[in-house]
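**Student:** Predicted coordinates and the sequence they were generated for:
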Amino acid sequence: MAEVIMPKMGDAMTEGRILSWRKRHGDRVEKGEVLAEIETDKVNVEIEAEASGILQIVVPEGQAVPVGQVIAYIDGQPAQAATREAPPPPAQPEQAPAAEPAPAPTPPHAELGPPRVKASPLARRIAAEHGIDLARVRGTGPGGRVVERDVLAYLESRAAEAPAAAEAEYEDVPLSRMRQAISRVVSHSKQHIPHFYVTAEVDLTRALELREQLQEALGEEGRVTVNDLVLKATALALRQHPDLNSQVVDDRTLRRFRRVHLGIMVATPDGLIAPVLRDADRLPLVQLAQEARRLVEGAHARRLRQEEYAGATFSVSNLGRYDVLNFVAIIQPPQAGILAVGRAQERPVVRSGQVVVRSVLQLTVSADHRVTDGVGAAQFLVDVKRLLENPVRLLL
Amino acid sequence: MTEMTYREALRSTLVEEMDRDPRVLLLGEDIGVYQGTFRITEGLLERYGPKRVIDTPISELGFIGAAIGMAMLGLRPVVEVMTWNFSLPAADQILQNAAKVRYFSGGQVSVPLVIRGPNGAGVQLSAQHSQSLESFYGHFPGLRVVAPATPADARGLLRTALRSEDPVIFLEHAALYGIKGPVPEGDDTVPFGQATVVRRGRHVTVVAYSRMLHLALAAADELAREGVECEVLDLRSLRPLDMDTVAESVRRTHRAVVVQEQWPLFGAAAEVAAGIYERCFDDLDAPVERVTGEDVPAPYARNLEKLAFPDEDRIARAVRRVLQ
């Protein structure tokens, strides 16, 4: 019998929640079929069957369990399995009588349904009639059992609260799982990484011209955004500044990455996520643009695979859609830097003693002072700026 | 309504039915000359003569077998067993013949037999003579099993038993023979399979029968002083068992305590509790509690006998537990 366990998706993950089972208890599943959707801190992941057989669900939908815990079994006895006619869920698997049946760590026929709340049948009935989640009702019966009076008291308190809530000056809302995760990451980052910041202004005139030429030459296929140009320039510059494409391993070790994988910060209604543009320095610009678009759209639709969020060596955050000049970003641990991209805007600038109108863009790099200092960050940023101002180099 | 004892209720009903129906006759040990160990048949030998009031030898298997034969041939015998414990030598006749003849004969032959006598404990008759056999006889299809708790029900159920076409296990209680109560005049009957609500209440349903009913009522009095309103039900019949009345009550109170005198395993209370779970699961606010005798042979010593059987305190404690 094969175990299906809660997978570990990233170092920070300690537990995951089962959003939905795609297969039912007792279903026949084939290797490679999607069994369930799991919610982790960052993304929803699909779990595939690693064996064929009859699915025996152990952990019900909606429940969170620690990484590594068995969430289901796949009973892989084909002959038996084929003859099983959609049995009732809690049935024990039919197995050939073994000399000594090995006891499963968790019974595969554990009860289904939401986490069990101890409640009297009457309390359950009343709760169901009023759409009350029993988990929210404090039980005062023997052993904390929720009994009729508890549900009635809850109903009363809810009725009493309802009008008051409308006039309250604030409301307490639970943080989403993703928000909680972001909260942990940024707090950790700001507390442990000594950030410093360097800002530069880039003349985008020629980059914008290049963009137009590409589109003219290639049509829709050649569509490249300002951010794509920034991504490409950043990736190329990081090759020259490996200290920023790195990670602090411990007090004595810095790990420089040989490849450049850029995290693209994407804002979703739930919070920030960062799909990873792999080998951004090596991707030709047009392909980079296509890949970046796929990642951003996929992130919005929450349909990317977990591994598409893993392994960034540096990040780029862009608020160019909003009318802001610049901003500073918080480094995503364990990376050593992040580039914040403002909005391209036409501004009077001085060129050769003349005031002219130019499209300019402000870039701010946040860097980990443990791996570089002001000069290193400035040199990196200036390289990005030069690449953007001489954009033909982005095509090489 | 007149007031009479449980004993008088039984005796007067026998007299009325024997007067009414010449097919009714009595058999048993010491029921004639001695006038009955518990004086139920007092004066009946004199009144009806030795053909209708037959003193038997100590041979239950024989005279109960004989009574079954009489019933099959059209008489309406009433057998008194000195206590129900003495029915055990005749269990083969009762279970294998009386209970099954109508079934075996496809309804051609019935056994209108009543076997009556004291059942249960509490009067220091020791282990062999204190047993409650309602779950034993209640187990077998083909029998009717009733256990009146009051003079009125003793009368009404006995009359129904005497007019029944099937063998009736009529369980009296030695501790109840002297209790008095109002009894309706005339030939009112109490149908089998009808429980009755003896006391109305809204907090908990207490189900009892026979002697336990009186303990349940005493417990209800005590609990009323604490503000607990018990609804007390008297099953009266065990087979057929009126689960409708029980369920109707439990659906209002959401809690139930079932009381029996006999041992806990496979007892009548377990049967009633299971019926409550089957019919009222979604109405229950607490698990059904059973109050039963202790799982030991009945002690003779008064102090130990008191410990071995339910009393009102134990019932009250069970009620408090289901109200937690």
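**Tutor:** Perfect, thanks for sending it.

**Student:** ok, now which ones touch the closest residue in space to B:R20 that isn't next to it in sequence?
**Tutor:** Sequence neighbours aside, B:D187 is the residue nearest to B:R20 in space, at 7.8 Å (criterion: CB to CB, 6 or more residues apart in numbering or on different chains). All C-beta spots, glycine's among them, are computed from the backbone N, C-alpha and C. Residues counted as contacts of B:D187 (CB atoms under 8 Å, 6 or more residues apart in numbering or on different chains) are B:16, B:20, B:159.

**Student:** B:D187 and chain A, how far apart?
**Tutor:** Look at B:D187 and chain A: by CB to the nearest CB, to the nearest Å, they are 43 Å apart.

**Student:** Report pLDDT for that residue.
**Tutor:** Per-residue confidence for B:D187 comes out at a pLDDT of 81.

**Student:** residues in contact with the residue of the stretch 101-250 of chain B found nearest chain A?
**Tutor:** When scored by CB to the nearest CB, the stretch 101-250 of chain B has B:V250 as its residue closest to chain A, at 10.3 Å. Under the criterion of CB under 8 Å, 6+ apart, the neighbours of B:V250 are B:205, B:256, B:276, B:279-280, B:283-284.

**Student:** burial of residue 17, as a residue count?
**Tutor:** If you meant another chain, say so; for now it's chain A. Using other CB atoms under 10 Å in any protein chain shown, A:R17 is surrounded by 17 other residues.

**Student:** switch to chain B, that's the one I care about
**Tutor:** Counted with other CB under 10 Å, the neighbours of B:E17 add up to 20.

**Student:** In which helix or strand does it reside?
**Tutor:** Secondary structure assignment for B:E17, by DSSP states H and E: helix B:6-20.

**Student:** Packing partners of that helix?
**Tutor:** Counting by 3 or more CB pairs under 8 Å, 6 or more residues apart in numbering or on different chains; DSSP states H and E, the packing neighbours recorded for helix B:6-20 are strand B:24-28, helix B:44-48, helix B:151-162, strand B:180-183.

**Student:** Quick check: next helix or strand after the second one?
**Tutor:** Along the chain past helix B:44-48, the next helix or strand (assigned with DSSP H and E) turns out to be strand B:53-55.

**Student:** which secondary structure elements does that next one contact?
**Tutor:** strand B:24-28, helix B:44-48.

**Student:** Tell me, domain by domain, which residues of the chain belong where.
**Tutor:** Answering for chain A, as no chain was given. For chain A, the domain assignment from automatic domain parsing gives the residue ranges A:2-83, A:117-152, A:194-395.

**Student:** wait, I meant chain B there
**Tutor:** Each structural domain of chain B that the record assigns through automatic domain parsing is listed here as a residue range: B:2-183, B:196-322.

**Student:** re the thing from before, what angle sits between the helix holding B:E17 and strand B:24-28?
**Tutor:** For helix B:6-20 and strand B:24-28, the angle between their directions (axes from the mean of the first three to the mean of the last three CA atoms, to 10 degrees) works out to 130 degrees.

**Student:** Dump the C-alpha coordinates for helix B:6-20 into PDB.
**Tutor:** Taking C-alpha atoms only, helix B:6-20 is exported to PDB below (Å, rounded to 0.1, in the frame of the first residue of the first chain):
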ATOM      1  CA  TYR B   6     -52.200  -4.300  43.700                       C
ATOM      2  CA  ARG B   7     -53.100  -7.700  45.300                       C
ATOM      3  CA  GLU B   8     -56.800  -6.900  45.400                       C
ATOM      4  CA  ALA B   9     -56.700  -5.600  41.900                       C
ATOM      5  CA  LEU B  10     -55.300  -8.900  40.600                       C
ATOM      6  CA  ARG B  11     -57.600 -11.000  42.700                       C
ATOM      7  CA  SER B  12     -60.800  -9.000  41.800                       C
ATOM      8  CA  THR B  13     -59.900  -9.200  38.100                       C
ATOM      9  CA  LEU B  14     -59.400 -13.000  38.300                       C
ATOM     10  CA  VAL B  15     -62.800 -13.300  40.000                       C
ATOM     11  CA  GLU B  16     -64.600 -11.000  37.400                       C
ATOM     12  CA  GLU B  17     -63.100 -12.900  34.500                       C
ATOM     13  CA  MET B  18     -63.800 -16.300  36.000                       C
ATOM     14  CA  ASP B  19     -67.400 -15.200  36.600                       C
ATOM     15  CA  ARG B  20     -67.600 -13.900  33.100                       C
END
